[in-house]
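J.: 3D, please:
(one chain, ligands or ions: 1)
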Amino acid sequence: MSVDQTSAAIADKAAEKSAGETLEPQGARGDEPSAAAPAPRHFEEVLLAVDNVSLGFGGVKALTDVSFDIRKGEIRAIIGPNGAGKTSMLNCINGFYHPTEGRITFRGETRRKMRPYEAAAGGIARTFQNVALFKGMSTLDNIMAGRSLKMKANLFWQILRFGPAMREEVAHRRVVEDIIDFLQIQAIRKTPVGKLPYGLQKRVELGRALAMEPDLLLLDEPMAGMNLEEKEDMSRFILDVNNHFGTTIALIEHDMGVVMDLSDRVVVLEYGRKIADGTPDEVKRDQKVIDAYLGVPH
Ligand SMILES: Nc1ncnc2c1ncn2[C@@H]1O[C@H](COP(=O)(O)OP(=O)(O)OP(=O)(O)O)[C@@H](O)[C@H]1O
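T.: A predicted model of the protein is given here:
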């Protein structure tokens with residue numbers, strides 16, 4: 001089977017999960033066709049290191065001895081078939097789960113039991129597989145909620161919306177309005193997010209994560225349930241966030257076209273174990289990856 005055929009097989013298999021829509025690689029990085037794809041980018045500084053991480057739930061081993069790193073400035077994908085342990089890995093990174101064994105080091109600091117709010121305060125933001133927004137609140141208020149960790153005025157002043165809290169809120173609102181402009185969602189700034197189409201809800205969720213001004217942005221299936229146009233928009237915003245803010249991004253995605261097009265490096269999990277790690281080109285040629293997606297036992 002040729003590389004193109006196997007890539008197509010991988011994409012087909014993965015697309016079963018993502019409503020049957022697969023974005024073909026389109027060179028989104030520079031709006032160039034993939035034939036003229038730009039040279040791979042290289043990153044040196046390790047922002048986050050996962051060392052020999054295992055995670056068990058009773059008898060189920062969600063992760064076994066997984067090690068990889070995420071380097072400052074890159075877009076890193078975590079892929080694998082259903083149940084491979086991708087979301088568990090993201091949950092370990094942002095402190096939602098604590099590894100049974102191994103350790104995670106972020107900006108040189110190793111914490112065995114980091115809590116999600118500590119991860120958030122430390123610069124790790126996250127979006128979820130199923131949009132997690134306040135549906136009755138407007139786009140503006142949802143993104144503003146993402147600033148709460150940055151608020152310094154104490155609760156007393158915040159409730160009174162007076163004095164330091166008032167001045168602070170004005171400054172935070174300016175940041176939020178900039179994010180709204182950046183994501184081109186001015187027209188829906190006052191709309192309750194529950195009334196928005198799914199693709200726009202995902203964009204608002206991205207906005208809320210950006211409001212935290214994260215060093216590391218974790219995106220759990222940012223394109224899930226989107227149509228082709230929405231996927232193209234989201235791809236562009238992910239690249240823009242990475243390019244303009246220099247934000248390091250780790251994403252889980254089932255759409256292989258998107259993964260191969262956006263990512264600098266890809267780590268592949270199967271049954272909770274790492275089976276490959278490299279550039280998109282290296283990974284899609286890896287026989288273990290091809291077998292995993294085709295369901296070949298080994
Ligand atoms: N809270 C939990 N309790 C028990 N088992 C869990 C829990 N979370 C995950 N698992 C199990 O761990 C394994 C890995 O699940 P995980 O959701 O991390 O995989 P995934 O690669 O993200 O899958 P998908 O692509 O379907 O979202 C699965 O066998 C799953 O059933």
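J.: which one is residue 97 nearest to, not counting chain neighbours?
T.: residue 91 (4.3 Å; C-beta to C-beta, 6 or more residues apart in numbering). Yep, even glycine has a C-beta here, placed from its N, CA and C like the rest.
J.: tell me which element the one you found falls in.
T.: Following DSSP states H and E, one finds residue 91 within helix 86-93.
J.: cool, residue 276 as well?
T.: Short version, using DSSP H and E: residue 276 is in strand 273-278.
J.: where does that strand sit relative to the chain's centre, distance-wise?
T.: 18 Å (C-alpha atoms, centre = their mean, to the nearest Å).
J.: that older thread, neighbours of the residue nearest to residue 97, just the number please.
T.: As a burial measure, residue 91 scores 21 neighbours (other C-beta atoms under 10 Å).
J.: before we move on, what about residue 45?
T.: Count around residue 45 with other C-beta under 10 Å applied: 11.
J.: How about the backbone phi and psi for it?
T.: Torsion angles at residue 45 (phi, psi; degrees, to the nearest 10) stand at phi -70, psi 120.
J.: Local confidence estimate at it?
T.: pLDDT for residue 45: 94.
J.: Which residues are in contact with residue 292?
T.: 80-81, 84, 268, 270, 275 (C-beta atoms under 8 Å, 6 or more residues apart in numbering).
J.: what do you get for residue 143?
T.: Contact analysis of residue 143 by C-beta under 8 Å, 6+ apart lists 176, 179-180, 204, 207-208, 210-211.
J.: Take the residues you listed and keep only those in helices.
T.: 176, 179-180, 204, 207-208, 210 (DSSP state H).
J.: Quick one, which of those residues are buried?
T.: Buried subset of the ones in helices among the contacts of residue 143 (neighbour count, 16 or more other C-beta atoms under 10 Å): 176, 179-180, 204, 207-208, 210.
J.: Tabulate these in TSV, adding columns for distance to residue 41.
T.: Formatted as TSV, those follow (distance: C-beta to C-beta, whole Å):
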residue	distance to residue 41
176	30
179	25
180	29
204	29
207	25
208	27
210	21
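J.: Export the residues you listed as a markdown table, with columns for pLDDT and distance to the ligand.
T.: Putting these into a markdown table (pLDDT from 0 to 100; distance: C-beta to the nearest ligand atom, whole Å) gives the following:
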| residue | pLDDT | distance to the ligand |
| --- | --- | --- |
| 176 | 90 | 31 |
| 179 | 92 | 28 |
| 180 | 94 | 30 |
| 204 | 93 | 22 |
| 207 | 93 | 24 |
| 208 | 91 | 21 |
| 210 | 93 | 23 |
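J.: would you list the contacts of residue 292 in CSV and tack on distance to the ligand, neighbour count and secondary structure?
T.: Below are the contacts of residue 292 laid out as CSV (distance: C-beta to the nearest ligand atom, whole Å; neighbours: other C-beta atoms under 10 Å; DSSP: H, G, I helix; E, B strand; the rest coil):
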residue, distance to the ligand, neighbour count, secondary structure
80, 5, 25, coil
81, 7, 19, coil
84, 4, 23, coil
268, 11, 25, strand
270, 9, 20, strand
275, 13, 19, strand
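J.: so which two of those residues are the farthest from each other?
T.: Greatest spacing in the contacts of residue 292, by C-beta to C-beta: 81 and 275 (10.3 Å).
J.: Isn't residue 279 up against residue 266?
T.: Yes: distance between residue 279 and residue 266: 7.3 Å, which falls inside the contact criterion (C-beta atoms under 8 Å).
J.: Neighbour count: these two, which is higher?
T.: Taking other C-beta under 10 Å, residue 279 and residue 266 do not tie; residue 266 has more neighbours (27 against 15).
J.: any idea of the pLDDT on that one?
T.: 96.
J.: next one: the one 5 residues further on
T.: Reading off the per-residue confidence, residue 271 sits at a pLDDT of 95.
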